[in-house]
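Peer 1: Just the structure for this:
(2 chains)
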Amino acid sequence: MSTTVTSTDTGENTWGGGNQPLRASYGKLMMWFFIVSDALTFSGFLAAYGFSRFKFIDSWPIADEVFTHFPGLHGVNAPMYYVAFMTFILIMSSVTMVLAVDAGHHMNKKKVTFYMFLTIIGGAIFVGSQAWEWATFIQGDYGAVETKGGKILQFQNVDGERVALSEFAIAGVSEREQHLKKNGVWYYEEGTPTTYNIEEVKAGFVANPDLLIRVQELNEKGEKIVLNREESLAKINRDAVGVVEGANLYHNEYGTPLFADFFFFITGFHGFHVFSGVVINIIIFFNVLLGTYERRGHYEMVEKVGLYWHFVDLVWVFVFTFFYLV
Amino acid sequence: MAHEHKLAIFRGTLKFKSNITKIWGILIILSIVTAIEVVLGIIKPEILTETTFIRMKLLNWIFILLTIFKAYYITWDFMHMRDEVKGLRRAVVWTAVFLICYLVFILLTEGDYIFDVYNTGFQSWDF
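Peer 2: Next up, the predicted model:
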């Protein structure tokens, strides 16, 4: 019987090997495999962020109030401008990458080198910007007070402007010495002491009659609820137990600790991807310079790292939306 | 290897002359969309924040849709998904989209349920 199944277009034996149903090389397919699995990892993180946010939907920090800085502009309220700039940088470096891939298809070594170089610069600017974002986030802004239940109380004046602890706390009301490992039992030590201790903040709050407390909970319009003066005084005297300046994994002045945890984890994981992307791009850049792909006869390697680089951009588009916009 | 690029976007209404002009065109589209997102995020028009659709603000729906729009053009034109065969495209996109939708649905439903427990129950916040 000669009725064996053959593929229609080439006339080759379907199962005889050498058949590429997806018309993509092994390397590119493996890169797609990796990208799908990495996309699932990232969506796992973002979905976990959504889970925690839905869990505390009425008390989640407002991103516009957290990310308000722009390098060089001190005291200017610039919500999101810097992240928008970072997004643009990353999209731009995606463009130079795809131009490098295109130049590779035309075997134009000079152009590939030039565009790869621009891509690396763009990536480096992005990683640097992210480091700056982190530093600003960790350093904090106004400072806040933490309650027994672990909630954050922020301060504002009667006009609705946020007030920093340093503007009203009365220094020297009480002394608080840092507890070191050598002093106590069980070798506990406490972290870096805050600039003002809780007694100094309380004294300053009582002495300034136009200060009010903003609690973590949101009203129907999605703004933080502000207590009146009597409620504020009662709240700070009854519940406040500690001062929070900036953010770490346990406390942050912006609100629930989970917010900072997810910020560090998700943007950190993404930043790590950008960093490794830059490293891989540098390796490929030098290979291009050395003429490796010229000799090989094709620039498919540039295409493969290009896929990874675009994926990093793709993820950032989602991180941008879910962390800064929504 | 021949490198054929499909140069038409928006279902064929916008055709580019070469692959390079297409790349710059996509950059312009993505930049415009990002600018719209940022402007909306800063202005926060009241009509969009006060109207809700399936228990979420209309503004947030717009952000999510624009994000998916951007993701489409990054994948289709920067990652050249438009030029791949149907089998590869579906293997990557359908798999990811299905699993992500499933995961998000499950986790958000659960998060919402826990919120209700805290909100209507007697548990206090103790994490």
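Peer 1: Residue in chain A with the shortest distance to chain B?
Peer 2: As assessed by C-beta to the nearest C-beta, chain B sits closest to A:Phe54 within chain A, at 3.2 Å. (C-beta placed from N, C-alpha, C; glycine too.)
Peer 1: now that residue: how far from A:Ser43?
Peer 2: With the distance defined as C-beta to C-beta, to the nearest Å, A:Phe54 ends up 16 Å from A:Ser43.
Peer 1: Check which helices and strands the helix or strand of chain B with the lowest mean pLDDT is in contact with.
Peer 2: Within chain B, no helix or strand scores below strand B:8-9, which has a mean of 83 by mean pLDDT, DSSP states H and E. Packed against strand B:8-9 by the contact rule (3 or more C-beta pairs under 8 Å, 6 or more residues apart in numbering or on different chains; DSSP states H and E) you find helix B:19-43.
Peer 1: The helix or strand that the helix it packs on is followed by near chain A at all?
Peer 2: Once the chain leaves helix B:19-43, the next helix or strand it forms, by DSSP states H and E, is helix B:46-50. Yes - Helix B:46-50 is in contact with chain A by C-beta under 8 Å from any C-beta of the partner chain, via B:Thr49.
Peer 1: what's helix B:46-50 in contact with?
Peer 2: A:221-222, B:40, B:57-59, B:62 (C-beta atoms under 8 Å, 6 or more residues apart in numbering or on different chains).
Peer 1: hmm, try it at 10 Å
Peer 2: A:220-222, B:40, B:57-63 (C-beta atoms under 10 Å, 6 or more residues apart in numbering or on different chains).
Peer 1: Which ones among the residues you listed lie within helices?
Peer 2: B:40, B:58-63 (DSSP state H).
Peer 1: Could you chop chain B up by domain?
Peer 2: B:1-83, B:85-127 (automatic domain parsing).
Peer 1: Can I get those domains in JSON lines including mean neighbour count and distance to A:Gly27?
Peer 2: Shown next, in JSON lines, are these (neighbours: other C-beta atoms under 10 Å in any protein chain shown; distance: least, C-beta to C-beta, whole Å):
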{"stretch": "domain B:1-83", "mean neighbour count": "15", "distance to A:Gly27": "13"}
{"stretch": "domain B:85-127", "mean neighbour count": "13", "distance to A:Gly27": "14"}
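Peer 1: Not counting its neighbours along the chain, what's nearest B:Gly41?
Peer 2: A:Leu325 (5.0 Å; C-beta to C-beta, 6 or more residues apart in numbering or on different chains).
Peer 1: Tell me, how many residues neighbour that neighbour?
Peer 2: 22 (other C-beta atoms under 10 Å in any protein chain shown).
Peer 1: Who are the contact partners of it?
Peer 2: Taking C-beta under 10 Å, 6+ apart as the test, what A:Leu325 contacts is A:63-64, A:80, A:83-84, B:37-38, B:40-41, B:59-60, B:62-64, B:66-67.
Peer 1: Was I right to think A:Asn77 contacts A:Asp64?
Peer 2: Yes - A:Asn77 is within contact range of A:Asp64, at 9.1 Å (criterion: C-beta atoms under 10 Å).
Peer 1: Nearest to A:Arg295, out of the contacts of helix B:46-50: which one, please.
Peer 2: B:Phe63 (47.4 Å; C-beta to C-beta).
Peer 1: Could I get the contacting residues of the closest one?
Peer 2: So B:Phe63 contacts A:320-322, A:324-326, B:36-37, B:40-41, B:48, B:57 (C-beta under 10 Å, 6+ apart).
Peer 1: Now do the residue of chain B found nearest chain A against A:Ile125, distance only.
Peer 2: The nearest approach of chain B to chain A comes at B:Gly111, 3.2 Å away (C-beta to the nearest C-beta). For B:Gly111, the distance to A:Ile125 equals 35 Å [C-beta to C-beta].
Peer 1: and what of A:Val315?
Peer 2: 18 Å.
Peer 1: Neighbour count for those two, which is higher?
Peer 2: A:Val315 (26 against 16).
Peer 1: Would you check that that one makes contact with A:Leu40?
Peer 2: No - A:Val315 lies out of contact with A:Leu40 (C-beta under 10 Å); the separation is 11.5 Å.
Peer 1: If I look at the residue nearest to B:Gly41, what pLDDT would I see?
Peer 2: A:Leu325 is assigned 90 on the pLDDT scale.
Peer 1: same check, this time on B:Asp126
Peer 2: pLDDT, B:Asp126: 55.
Peer 1: what does the stretch 151-300 of chain A have sitting close to chain B?
Peer 2: Residues of the stretch 151-300 of chain A found near chain B (C-beta under 10 Å from any C-beta of the partner chain) are A:151, A:216, A:220-222, A:256-258, A:297-298, A:300.
Peer 1: Now do the strands in the stretch 51-200 of chain A.
Peer 2: In the stretch 51-200 of chain A, the strands defined using DSSP state E, counting those that start in this stretch lie at A:144-147, A:152-157.
Peer 1: right, so the ones you listed: which one is the most enclosed?
Peer 2: Ranked by mean neighbour count, those are led by strand A:144-147 with a mean of 23 (mean count of other C-beta atoms under 10 Å in any protein chain shown).
Peer 1: Between the strands of the stretch 51-200 of chain A, which one is closest to A:His179.
Peer 2: Closest among those, once you apply C-beta to C-beta, is strand A:144-147, at 17.4 Å.
Peer 1: C-alpha coordinates for the closest one, PDB please?
Peer 2: What follows is strand A:144-147, C-alpha atoms only, in PDB (Å, rounded to 0.1, in the frame of the first residue of the first chain):
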ATOM      1  CA  ALA A 144       3.000  58.800  60.300                       C
ATOM      2  CA  VAL A 145       2.000  57.100  63.500                       C
ATOM      3  CA  GLU A 146       1.100  53.500  64.000                       C
ATOM      4  CA  THR A 147      -1.700  52.200  66.200                       C
END
